[in-house]
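[1] Whatever this is, show me its structure:
(one chain, ligands or ions: 1)
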Amino acid sequence: MIFGQQGNDQCSDSMATPETKNLYKNLYNLIGKNILIGHQDDPCYGVGWKYIPGRSDIRDITGQYPAVYGFDLGRIELGLAYNLDSVPFEKTKLFIREAYDRGGVITLSWHLNNPLTGKTAWDNKPGAVTSILPGGEKNALYTIWLDHVADFLSSLKGKNGESIPIILRLFHELNGTWFWWGKDQCSPDEMKQLWRYTIHYLKSEKNIHNLLYAFNTDKFSSGEEYLERYPGDKFIDILGFDIYQGGALKENISFSGFFNSELDMIDSIASSRHKIPALTEFGYNTIPDSTWWTNVFFPVIVSHQIVYALAWRNADLKQFYVPYPGSSSASDFKKISSSGKILFESGIKSKNIYK
Ligand code: BMA
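    The predicted model follows:
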């Protein structure tokens, strides 16, 4: 395992913009040193508030914004002004610019509708993936959807007109069965083709070069399972997975054990392929354990090499994954923000990640 070898810290797109190449190189150099904390829709809304300038549940607790910001593009494919969680894309664009100006990292997911049926991403009848590949009946429609994504991505500009780098997290949780791109809905080969086709289209047809590409599964039990639908090292920059405490992993001990084993595997897969390991989504809904952050989450991640961990969104009192003022794990969360290992707004700013 050799990190920092010459050439290993270069992203998959040889034509990537300088800031995108720097983002990759700087994240690569953080491997094993720091973990950036992230939060989905952080500046958009939190528990009990929406679109209040400067507000963020993470900031309310720690005094700082997170280091990583997640947003979702779902419904942009339809040309709508709002995403699937009612966030206006114009606001997302503004929040991305502000996050970038603060030196933060931005990652976008895309809960795109089922192109075959027109229903949601969770409409998981088989056939949709086949239908959008070249030669398929919905291929032309899919290219129009990608054009909308490309328009959005190319409109993201910093103060000197440079493109803002984005970690694009396509077809997430692809080894689950709940999305139309899931493992029961298409073959591994079709999934790989879809990845390669999509990336080729964005790069070569649309000339988009401000992207790092994140591949991410749901739960997995072996390296073979993790890589079954992996399109290849030429296409991917970041290797991640999503995990939630709950269900079979409800107890702290069973969750910690499984989480730890997945992190061990992702560290070793990423290191052997010279990719960046990340926890692309995580959470314990409503965080019912007031010491979860210091007793469960932190002890497991601290001994691993993921460079960032993105908590899912704070929608309301029934669905939140980071504390808000007054919630039971707020003071515990504050402790991890002063650990030095986990970076928030000021930590990422000092790393000058785009230079
Ligand atoms: C899910 C939930 C939903 C949301 C979707 C897309 O995990 O949070 O409420 O609509 O993600 O953000």
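[2] Residue numbers of the stretch 251-355 of the chain in contact with the ligand?
    312-313, 315, 319 (C-beta under 6 Å from any ligand atom). C-beta coordinates here come from the backbone N, C-alpha and C atoms, glycine included.
[3] Now, of the residues you listed, which are buried?
    312-313, 315 (16 or more other C-beta atoms under 10 Å).
[4] could you dump those to a markdown table with secondary structure and pLDDT?
    Converted to a markdown table, those look like this (DSSP: H, G, I helix; E, B strand; the rest coil; pLDDT from 0 to 100):
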| residue | secondary structure | pLDDT |
| --- | --- | --- |
| 312 | coil | 99 |
| 313 | coil | 98 |
| 315 | coil | 98 |
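[5] What residues does the residue positioned nearest the centre of the chain make contact with?
    With distances taken as C-alpha atoms, centre = their mean, the residue of the chain nearest its centroid is residue 280 (4.4 Å). Neighbouring residues of residue 280 by C-beta atoms under 8 Å, 6 or more residues apart in numbering: 107, 169, 172, 214, 216, 238, 240-242, 310.
[6] Which one of those is nearest to residue 258?
    residue 241 (11.0 Å; C-beta to C-beta).
[7] Which strand or helix spans that closest one?
    Assigned by DSSP states H and E, residue 241 falls within strand 238-245.
[8] Now find how far off-centre that strand is within its chain.
    Distance, stretch centre to chain centre, for strand 238-245: 9 Å (C-alpha atoms, centre = their mean, to the nearest Å).
[9] Buried residues in the helix or strand following it, which are they?
    Per DSSP H and E, strand 238-245 leads on to helix 252-273 as the next helix or strand towards the C-terminus. By neighbour count on 16+ other C-beta under 10 Å, the buried set for helix 252-273 is 252, 255-256, 258-259, 262-263, 265-267, 269-271, 273.
[10] Then stretch 290-302?
    So for stretch 290-302, counting by 16+ other C-beta under 10 Å, buried means 290, 292-294, 296-298, 300-301.
[11] Give me the contacts around it.
    With C-beta under 8 Å, 6+ apart as the test, stretch 290-302 has contacts from 35, 245, 252, 255-256, 259-260, 263, 279, 282, 284, 287, 289, 309, 328-329, 332-333, 335-336, 339, 341-342.
[12] Any quick PyMOL command for the buried ones out of these?
    In PyMOL, the members of the contacts of stretch 290-302 classed as buried (16+ other C-beta under 10 Å) are selected with the following command:
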select buried, resi 35+245+252+255+256+259+263+279+282+284+287+289+309+329+332+333+336+342
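[13] For stretch 36-53, the averaged confidence score.
    Per-residue pLDDT over stretch 36-53 has a mean of 98.
[14] next one: stretch 192-200
    Rounded mean pLDDT across stretch 192-200 is 98.
[15] got it, and stretch 171-180?
    98.
[16] again, but for stretch 337-355
    96.
[17] Enumerate every residue touching residue 320.
    46-47, 57, 285-287, 313-314, 327.
[18] coming back round to it: the strand holding residue 241 - contacts with which helices or strands?
    Here strand 238-245 touches strand 211-217, helix 252-273, strand 276-284, going by 3 or more C-beta pairs under 8 Å, 6 or more residues apart in numbering; DSSP states H and E.
[19] thinking again about what came up before, and the buried residues of helix 252-273, which two are furthest apart?
    252 and 273 (31.4 Å).
[20] Report how far apart the opening and closing residues of stretch 107-123 are.
    24 Å (C-alpha to C-alpha, to the nearest Å).
[21] Could you list the buried residues of it?
    So for stretch 107-123, counting by 16+ other C-beta under 10 Å, buried means 107-116, 120-121, 123.
[22] can you tell me which of those residues lies nearest to the ligand?
    residue 111 (5.0 Å; C-beta to the nearest ligand atom).
[23] Spatially nearest residue to that closest one (excluding sequence neighbours)?
    residue 74 (3.4 Å; C-beta to C-beta, 6 or more residues apart in numbering).
[24] isn't residue 199 right next to residue 232, touching?
    No - in this structure residue 199 lies outside contact range of residue 232 using C-beta atoms under 8 Å: 10.1 Å.
[25] Who has more neighbours out of these two?
    residue 199 (21 against 13; other C-beta atoms under 10 Å).
[26] show me what contacts the more buried one?
    Each residue near residue 199 by C-beta under 8 Å, 6+ apart is listed here: 213, 231, 235.
[27] Please report the distance of the last one from residue 109.
    It refers to residue 235. 17 Å (C-beta to C-beta, to the nearest Å).
[28] Report the separation between residue 237 and the ligand.
    23 Å (C-beta to the nearest ligand atom, to the nearest Å).
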